[in-house]
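A.B. asks: what shape does this take:
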Amino acid sequence: MKSISKQQYDEMVKQASPGSPVLKNCVLAFLFGGFLCLLGQILCNLYQDMGMELKNARAAVSLTLITIAAILTILKVYDKIAKHAGAGMLVPITGFANSMVACGIEFKSEGYVAGEGAKLFTIAGPVLVYGISASVIYGIIIYVIKLFAG
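C.D. replies: Sure thing, here's the model as predicted:
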């Protein structure tokens, strides 16, 4: 068998790999991500018009977007939308809800506790650990800075 050089291999890979429509992907991500943000603002205004304070309206928007993303994931619609929207559907709150629910659905056959319940936190666990750890480290840094500054 004849061996090929790294340069020849790279050239073969380049020829065999389809090009990525970067501009189209960026535009779609911008439009879908922008739509999610617009939906969030519309919901926030709607909740405020219903008498909620801004702080509570923002919390209600988060819960609404999480619920919508979870329902769309369960109905297997979220992935179809994400196929076209790309990174636009990874707006953190909806993307996180999708990844958690998808994990749970995958292990549904193992039962509610050992399957769905346990696997929901496969994704959430590292995110929570990192978030909490980062906030503690940040708090310590701010505390030390304030100690020496004043």
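
A.B. asks: now the helices for the chain?
C.D. replies: Using DSSP state H, the helices of the chain run over residues 6-16, 22-49, 54-74, 78-85, 92-106, 118-149.

A.B. asks: skip the chain neighbours and tell me the closest residue to the residue most central in space within the chain.
C.D. replies: The centroid of the chain falls nearest to residue 95 when counting by C-alpha atoms, centre = their mean (2.6 Å). The shortest distance from residue 95 to any residue other than its chain neighbours is 6.3 Å, reached at residue 89 (C-beta to C-beta, 6 or more residues apart in numbering). For glycine as for every other residue, the C-beta is placed from the backbone atoms N, C-alpha and C.

A.B. asks: ok, that neighbour - contacts?
C.D. replies: Neighbouring residues of residue 89 by C-beta atoms under 8 Å, 6 or more residues apart in numbering: 32, 33, 36, 78, 81, 82, 95, 98.

A.B. asks: okay, the residue nearest to the centre of the chain and residue 70: tell me how far apart.
C.D. replies: Distance, residue 95 to residue 70, by C-beta to C-beta, to the nearest Å: 12 Å.
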